[in-house]
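Engineer: Return a 3D structure for these sequence lines:
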Amino acid sequence: MPLPTMKEQFAALIAAPSVSCTQPALDQSNRAVIDLLATWLGDLGFACDIQQVTPGKFNLLASFGSGPGGLVLAGHSDTVPFDESLWKTDPLKLTEVDGRWVGLGSCDMKGFFALVIEAIKPMLDKPFKQPLLILATCDEESSMAGARALAEAGRPLGRAAIIGEPTGLKPIRLHKGVMMERIHILGRSGHSSDPSLGHSALEAMHDVITELKGLRQQWQLEYRNPQFSVPHPTMNFGCIHGGDNPNRICGQCSLEFDLRPLPGMDPHMLRAAIMQKLQPLAELHQVKIDYAPLFPEAPPFEQDADAELVRVAERLTGHQAQAVAFGTEAAYLQRLGCETLVLGPGDIACAHQPGEHLEMSRLEPTVLLLRQLVEYYCLTPATVR
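Structural biologist: Sure, this is the predicted structure:
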């Protein structure tokens, strides 16, 4: 059976639902996407290893050639949830509109895999000096469980890795981390006419927020990186819930907040600093304070500016490597020994929203760039570089 065309592959990937979401009612398996990729890559001669991460969730690692070194072309196989009523086209159908390919995952980022296959098809009859690996992960849009499982397994990948997230074909060598945290305070309710009858969780939370704001100010003075449009770490108090009636002492209060650390800021140290502030407040207000992440953190990422991959990508794209605020799986691949960059054809401005699309003018330049990267890392002898 002949391999589908690039557009047919693109359409098939979009048509295979693969939403990952923290809400179980919206969460879906990504197996259909993994099976499509494994079939196409297997037909091209890749050795395909499908790994179950959690029930219904799978990673794919496809390899061509063998030995150490080589290049990893990576991306995630899932999408965010969608509200079909807000789309002007069917989100699960590839639609061409005004020079754009529109569909869920076209930009972020299932469509990247069709471009990878298009790029490598004419190269596979050449002698590979170093292996080419294609990685598709699960649950990047929620828990990042796929990338974390790879990092924890510790199996070395290639010498260099490109993650095809939407960057407008500009190389990205650093991004902030993402920490989503929650603090729950259990006090004791009582009649509001006599404060001695209870311990207010809401008043305790007031002091907690004051301490967190103090830490935020401290960290923003201590850490700064002008390469980011927002050059300091941020902390956003996203939602708060507590109490039930004005005439009752508040017995429970919960806060959820978002912390975006810069590269060089250790999430474990940040949590330890927060915990140190919470313990005295629990004693002062005679309440129980439970602090925990909502999800495992996505670490901040930074690749050295003088790394070989950075220099190669800057030369091929004509753009200096930059920084972005959104998070990716880059730090996990870096942990496996890969020089890593984020570099893909989409635009982050249209990701995670109705009408997600990929400009058709980016198709050919992306295919050319990927071929140049494969040529450099997989076909050229190391002594020539």
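Engineer: State the helix or strand in which Val312 lies.
Structural biologist: Secondary structure assignment for Val312, by DSSP states H and E: helix 308-317.
Engineer: domain parsing for this structure?
Structural biologist: Residue ranges for the domains of the chain, per automatic domain parsing: 6-175+301-384, 179-293.
Engineer: Could you give the backbone dihedrals for Pro345?
Structural biologist: Backbone geometry at Pro345, expressed as degrees, to the nearest 10, gives phi -80, psi -20.
Engineer: The one 4 residues further on now?
Structural biologist: Per-residue torsions, Ala349: phi -60, psi -20 (degrees, to the nearest 10).
Engineer: Next one: it from Gln279, what distance?
Structural biologist: Ala349 sits 42 Å away from Gln279, going by Cβ to Cβ, to the nearest Å. (Glycine included, C-beta is placed from N, CA and C.)
Engineer: next one: Thr317
Structural biologist: The gap separating Thr317 from Gln279 is 49 Å, by Cβ to Cβ.
Engineer: again with Pro127
Structural biologist: Counting by Cβ to Cβ - Pro127 and Gln279 are separated by 62 Å.
Engineer: Compare the two (neighbour count), which wins?
Structural biologist: Gln279 (11 against 8; other Cβ atoms under 10 Å).
Engineer: Helix, strand or coil: sort out Ala62 for me.
Structural biologist: For Ala62, the assignment made with DSSP: H, G, I helix; E, B strand; the rest coil gives strand.
Engineer: swap that for Gln227, sorry
Structural biologist: Secondary structure assignment for Gln227 (three-state DSSP): coil.
Engineer: How about the contacts made by Val324?
Structural biologist: 167, 172, 175, 342, 348 (Cβ atoms under 8 Å, 6 or more residues apart in numbering).
Engineer: So in terms of bridging, what pairs with it?
Structural biologist: His175 (DSSP bridges).
Engineer: I figured Ala203 was touching Val287, is that so?
Structural biologist: Not Ala; residue 203 is Glu. No: in this structure, Glu203 is not within contact of Val287 by Cβ atoms under 8 Å, at 9.0 Å.
Engineer: Looking at those two, which is more packed in?
Structural biologist: With neighbours defined as other Cβ under 10 Å, Glu203 and Val287 compare such that Val287 has more, 23 against 18.
Engineer: Test for you: state the pLDDT assigned to that one.
Structural biologist: Predicted confidence (pLDDT) for Val287: 98.
Engineer: What are the boundaries of the helices in the chain?
Structural biologist: Applying DSSP state H to the chain gives helices spanning 6-15, 31-43, 111-120, 145-153, 201-222, 267-285, 308-317, 330-335, 363-374.
Engineer: sorry, back to before: would you tell me which one of the domains of the chain is buried the most?
Structural biologist: domain 6-175+301-384 (a mean of 20; mean count of other Cβ atoms under 10 Å).
Engineer: mean confidence score for that domain?
Structural biologist: 96.
Engineer: who's in contact with the nearest residue to Gly238 once chain neighbours are set aside?
Structural biologist: Spatial nearest neighbour of Gly238, excluding adjacent residues (Cβ to Cβ, 6 or more residues apart in numbering): Glu256 at 5.0 Å. By Cβ under 8 Å, 6+ apart, the contact set of Glu256 is 180-182, 238-240, 294.
Engineer: what do you get if the cut-off is 7 Å, keeping everything else the same?
Structural biologist: Shown in contact with Glu256 (Cβ atoms under 7 Å, 6 or more residues apart in numbering): 182, 238-239, 294.
Engineer: And Ala321, by the same measure?
Structural biologist: 171-173, 305, 310, 313-314.
Engineer: mind redoing it with 8 Å?
Structural biologist: Taking Cβ under 8 Å, 6+ apart, we find Ala321 in contact with 170-173, 303, 305, 310, 313-314, 341.
Engineer: of all those residues, which comes closest to Arg335?
Structural biologist: Gln303 (12.3 Å; Cβ to Cβ).
Engineer: So which of the contacts of Glu256 is the closest to Ser361?
Structural biologist: Closest to Ser361, out of all of the contacts of Glu256 and judged by Cβ to Cβ, is Gly238, at 37.1 Å.
Engineer: my read: the closest one touches Phe257, true?
Structural biologist: Yes: counting by Cβ under 8 Å, Phe257 is a contact partner of Gly238 at 5.8 Å.
Engineer: Figure out the length between the terminal residues of stretch 114-130.
Structural biologist: 22 Å (Cα to Cα, to the nearest Å).
Engineer: Let me fix that, I meant to ask about stretch 238-254.
Structural biologist: 11 Å.
Engineer: Distance from that stretch to the middle of the chain?
Structural biologist: In this view, stretch 238-254 has its centroid 34 Å away from the chain centroid, taken as Cα atoms, centre = their mean, to the nearest Å.
Engineer: List of residues touching that stretch?
Structural biologist: 182-193, 195, 197-205, 255-258.
Engineer: And for stretch 375-385?
Structural biologist: Taking Cβ under 8 Å, 6+ apart as the rule, stretch 375-385 contacts 65, 69-71, 123, 126-132, 158-160, 308, 312.
Engineer: Kindly report the same for stretch 35-46.
Structural biologist: By Cβ under 8 Å, 6+ apart, stretch 35-46 touches 1, 3-4, 9, 12-13, 16, 48, 50, 60, 62-64, 77, 113, 117, 120-121, 124, 134, 136.
Engineer: All set now, cheers.
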